[in-house]
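# could you work out the structure for the sequence below:
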Amino acid sequence: MSSTKVLEGSGQSPDYEGVAAEGEAHTLRRRLQVSHVVCLAMADASPAMAVLLLTAGVFQVGGTFGVGAMLILSVVVVLIAMCLGELASTYPSTGGSYSMVRSALPEPLAWITLFNFVTQGIVIPASLLLGIPIFLKNLLPWITVPNEVIAFLLLAVSGAIAITKVEIGAKVNIAILVVQLVVVGLIVLAAIVAPVQNPVDIVFHPVVLENGQLVPLTLGIALATLAPAFNVLNGYDAVCGFVEELVGGARDVGRAVIYAAILASILITIPLFAGVIAAPDLVAFLQSDAPIVSAVESALGPWASTIVNIGVIAALFNAALTLQMYFARGVFASARDGLWPPAIGNRLAGLNRFRSPGWGVAALLVPSAFLIMMSSLDWLIMFAGTMIATVYFFVGVAAFWSRISQKHVHRPFKMPFWPLPPVIVVAFTGYALITQTTDFLIGELVLAGVAVGLWALSKLWRKAAPNGTEP
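Here you go, the predicted model:
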């Protein structure tokens, strides 16, 4: 059991030793309202990107059951949000999922969570920014600059915004989010203007594509569809990364993360459903690399392609920026907790003149830039789904065990129906993990092994702390 005891409302723990001594230099300021953090989470969930790009793999695996899978996942997401809300209010740290797990479970599991958590902040923004030039060149064919160069420049721009005052990043994200809402609204309009498929059949009589023919869905395929669908409806947890900057803090974070989960479910599932309704030919739809895009263009005409391209570009940049802001705070929290050697930790735990974790952002940008120059990120992008499932698995375990092992801890927000939500979350994410392909499971074992190895190694520099205290 971790010895960490979180100071209520502070976002810090007593074993935050030498790094914490400087006080305000490592304290984030409360400048965000609930509406701000919910919008930041929506930017991370990125409805336009989720519906237009990420759902292609879901339809390829599960056919029209992609809609049913998202409806099921919407319920699971709210249960995950309940777990996140209680843990974030009980242990209000900007470290998000990592801090929650560290406060309730043995520390090696917190290191595994941290590595899965932060690695997403390196891989996913790089992949998102590499996708922008593809749509930018569709919109402006005269652009001949290499995709990697464009992505690198966008990485620099997003990084520059991420290190400024948090409310500036929030306002930029909110503005871009409005563009995304126009795009998902366009998808719903396509279903209203040109409905083709029967909504009842889509939900209750799903079909899959097999050898070019539509055949009824089987239970095995339905279960296999849940794991890729898990990657589509994600990002609402970003609320927890801004808890130390949220006015109201622990008191309001519980309801904020549930609002974000419900809103993300609505903004992704409804346009997804609408896109299938507007599909003129299900065979062509399920064979397409961008099925929702093709359905919208078929329903509304070629002009819709321009709007879709603009929306996707906005969504990709929006998500990359929010992820940099979110995961940089996880890096900052881990350094503030004293996990890294002092020479590194003192830098990463510092705030710049904007009161933002500038070094935390830099720690993500440098490896992201390296990955962009590699250009091929396909395996890492798909592996991100395994990392997400791993993080939520440990969040579910922490939400269950915290109530048992820390009965007297004050909980500003208590999830309803405990222990049902964490039990379902652990079962669902556990299933998603064991159904991953062998290469992803090996990748996760390697990542976990490195995390545990560094945890063991960290005892050397943590014993050498000025007060000689070992966590």
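
# centre of the chain to the helix or strand containing V200, how far?
Element membership of V200 [criterion: DSSP states H and E] is helix 199-204. Relative to the chain's own centre, helix 199-204 is displaced by 29 Å; criterion: C-alpha atoms, centre = their mean, to the nearest Å.

# continuing past it, what's the next helix or strand?
Sequence-wise, the next helix or strand downstream of helix 199-204 (DSSP H and E) is strand 207-210.

# picking that back up, could you dump the helix holding V200 to CSV, C-alpha only?
C-alpha atoms of helix 199-204 as CSV (Å, rounded to 0.1, in the frame of the first residue of the first chain):
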residue,chain,number,x,y,z
PRO,A,199,-32.3,3.9,-37.5
VAL,A,200,-34.1,0.9,-35.9
ASP,A,201,-32.2,-1.6,-38.1
ILE,A,202,-28.9,0.1,-37.4
VAL,A,203,-29.4,-0.4,-33.6
PHE,A,204,-31.3,-3.7,-33.4
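
# how about the helices of the stretch 1-150 of the chain, start to end?
Ranges of helices in the stretch 1-150 of the chain, per DSSP state H, counting those that start in this stretch, are 34-45, 47-49, 55-62, 65-90, 97-104, 107-139, 147-162.

# any buried residues in the helix or strand hosting R462, and which?
Assigned by DSSP H and E, R462 falls within helix 438-463. Across helix 438-463, burial judged by 16 or more other C-beta atoms under 10 Å covers 440, 443-444, 447-448, 451-452, 455, 458, 461-462. Placement of C-beta: from N, CA and C, glycine included.

# check which helices and strands it is in contact with.
Secondary-structure packing of helix 438-463 (3 or more C-beta pairs under 8 Å, 6 or more residues apart in numbering; DSSP states H and E): helix 107-139, helix 378-405.

# deepest in the core, which of those helices is it.
By mean neighbour count, with neighbours taken as mean count of other C-beta atoms under 10 Å, helix 107-139 ranks first of the helices and strands packed on helix 438-463 at a mean of 23.

# check contacts around E245.
Neighbouring residues of E245 by C-beta atoms under 8 Å, 6 or more residues apart in numbering: 28-32, 37, 94, 166.

# most neighbours of all the residues you listed, which one?
When the contacts of E245 are compared by neighbour count (other C-beta atoms under 10 Å), V37 ends up highest, at 27 neighbours.

# wait, isn't that residue in contact with A256?
Yes: proximity of V37 to A256 meets the contact threshold set by C-beta atoms under 8 Å, at 5.5 Å.

# need the overlap of contacts for those two.
Residues touching both V37 and A256 by C-beta under 8 Å, 6+ apart: 239, 246.

# still on that earlier bit, pLDDT of the helix holding V200, averaged?
Taken as a whole, helix 199-204 has a mean pLDDT of 90.

# in it, what's buried?
Across helix 199-204, burial judged by 16+ other C-beta under 10 Å covers I202.

# so how far is E297 from A274?
A274 sits at a distance of 14 Å from E297 (criterion: C-beta to C-beta, to the nearest Å).

# the two: which is more packed in?
Using other C-beta under 10 Å, the more surrounded residue of A274 and E297 is A274, with 26 against 17.

# just the element for that one, please.
helix 250-277.

# chain center to the next helix or strand after that helix, what's the gap?
Using DSSP H and E, the helix or strand that follows helix 250-277 towards the C-terminus is helix 282-287. Distance of helix 282-287 from its chain centroid, counting by C-alpha atoms, centre = their mean, is 29 Å.

# quick check: phi and psi at V215.
Taking degrees, to the nearest 10, you get phi -130, psi 160 for the backbone angles of V215.

# and what of the one 3 residues further on?
Backbone torsions for T218, taken as degrees, to the nearest 10, come to phi -110, psi 160.

# give me the number of residues near it?
Residues contacting T218 under the criterion other C-beta under 10 Å number 12.

# so what's it up against?
By C-beta under 8 Å, 6+ apart, the neighbours of T218 are V208.

# how close does it get to F59?
Counting by C-beta to C-beta - T218 and F59 are separated by 16 Å.

# next: F135.
Going from F135 to F59 by C-beta to C-beta gives 20 Å.

# which SS class is the residue nearest to K165 when sequence neighbours are not counted?
Nearest residue to K165, sequence neighbours excluded (C-beta to C-beta, 6 or more residues apart in numbering): F354, at 4.7 Å. Here F354 is recorded as coil under DSSP: H, G, I helix; E, B strand; the rest coil.

# next up, the contacts around F354.
Per C-beta under 8 Å, 6+ apart, neighbours of F354: 163-165.

# repeat that for T306.
Residues near T306 by C-beta under 8 Å, 6+ apart: L139.

# same thing but at 10 Å, please
Applying C-beta atoms under 10 Å, 6 or more residues apart in numbering, we find T306 in contact with 138-139.

# which strand or helix spans it?
T306 belongs to helix 303-336, assigned by DSSP H and E.

# mind listing what's buried along that helix?
Buried residues in helix 303-336 (16+ other C-beta under 10 Å): 304-305, 308-336.

# beyond that helix, next helix or strand please.
Next along the chain after helix 303-336, taking DSSP H and E as the criterion, comes helix 342-348.

# how about the strand or helix carrying V178, which residues are buried there?
Element membership for V178, per DSSP H and E: helix 166-193. By 16+ other C-beta under 10 Å, the buried positions in helix 166-193 come out as 166, 169-170, 172-174, 176-177, 179-180, 183-184, 186-191.

# confirm for me that G360 is in contact with L351.
Yes: using C-beta atoms under 10 Å, G360 is in contact with L351, at 9.2 Å.

# counting neighbours, go ahead and name the busier of the two.
Neighbour tally, G360 and L351, criterion other C-beta under 10 Å: the higher count belongs to G360, 32 against 19.

# check contacts around that one.
G360 neighbours (C-beta under 10 Å, 6+ apart): 94, 118, 121, 162-163, 324-325, 327-336, 347-352.

# try 6 Å
Going by C-beta atoms under 6 Å, 6 or more residues apart in numbering, G360 touches 328, 331-332, 348.

# same thing with F440?
383, 386.

# that one and I381, how far apart?
Taken as C-beta to C-beta, the span from F440 to I381 is 12 Å.

# one more: V37?
V37 sits 26 Å away from I381, going by C-beta to C-beta.

# and for I187?
23 Å.

# give me the pLDDT value at the closest residue to F115 other than its chain neighbours.
Excluding the flanking residues, the one nearest F115 by C-beta to C-beta, 6+ apart is A451, at 4.1 Å. You'll see A451 listed with a pLDDT of 93.

# repeat that for H26.
H26 is assigned a pLDDT of 61 by the prediction.

# returning to that earlier point: what does the residue nearest to K165 show for phi and psi?
According to degrees, to the nearest 10, F354 has phi -90, psi 0.
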